[in-house]
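Q: I would like to see how this sequence folds:
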Amino acid sequence: MAYVNKENAIKMAEQNLKANSEIHKVSLLDEVNDRFMYLSQARANAQLIEVLEGGGVLEREKEQVDEWLKDFADAEVNLNRFMAELKDDLKAPAPEPAPLSPGGHRSVESLADEAGITDQAGSLLPAKDNRPSEDLD
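A: A predicted model of the protein is given here:
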């Protein structure tokens, strides 16, 4: 019969839920960042087209774009560093292994009885009223 520490089992379940939630948040953050980059580029393209159609000088606009690209590269490095730090901060700690047979801990079966989970035969009787299959001989 396997024994599990109830507090550790609950803690591990909560950490697993938190990890799944944090992974989802990181995924959403990546999606938002990608969408922002796409829209920023689209806006810059629209502005450049507007300037050129309004009689802007191509060479001057190229120089401006080169300056923006340098600034953008610096900003992108900072953003990537920030994203990496944020992802590390959002990561849930690794779950601690639950002891399987420490003294004084209750069995999984008794925890299931408390929760109202039926046994394989479909009984809702408490564990003390059910005999293990080894005793039936």
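Q: phi, psi of the residue nearest to residue 90 when sequence neighbours are not counted?
A: The shortest distance from residue 90 to any non-neighbouring residue, by CB to CB, 6 or more residues apart in numbering, is to residue 22 (4.5 Å). From N, CA and C alone the C-beta is placed, and that goes for glycine too. Per-residue torsions, residue 22: phi -70, psi -40 (degrees, to the nearest 10).
Q: what's the spacing between residue 22 and residue 88?
A: 11 Å (CB to CB, to the nearest Å).
Q: need the helices for this protein, in chain order.
A: 6-53, 58-90, 108-115 (DSSP state H).
Q: packed most tightly, which of the ones you listed would that be?
A: helix 108-115 (a mean of 14; mean count of other CB atoms under 10 Å).
Q: state the mean pLDDT of it.
A: Averaging pLDDT along helix 108-115 gives 64.
Q: then stretch 22-35?
A: 80.
Q: with just CA atoms, put that stretch into PDB.
A: Extracted in PDB, the C-alpha atoms of stretch 22-35 (Å, rounded to 0.1, in the frame of the first residue of the first chain):
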ATOM      1  CA  GLU A  22       3.100  30.500 -15.900                       C
ATOM      2  CA  ILE A  23       3.900  28.700 -19.100                       C
ATOM      3  CA  HIS A  24       0.700  30.000 -20.500                       C
ATOM      4  CA  LYS A  25       1.600  33.600 -19.400                       C
ATOM      5  CA  VAL A  26       5.000  33.300 -21.000                       C
ATOM      6  CA  SER A  27       3.300  32.100 -24.200                       C
ATOM      7  CA  LEU A  28       0.900  35.000 -24.200                       C
ATOM      8  CA  LEU A  29       3.800  37.400 -23.600                       C
ATOM      9  CA  ASP A  30       5.600  36.000 -26.600                       C
ATOM     10  CA  GLU A  31       2.500  36.400 -28.700                       C
ATOM     11  CA  VAL A  32       1.900  40.000 -27.600                       C
ATOM     12  CA  ASN A  33       5.600  40.800 -28.300                       C
ATOM     13  CA  ASP A  34       5.400  39.300 -31.800                       C
ATOM     14  CA  ARG A  35       2.200  41.200 -32.500                       C
END
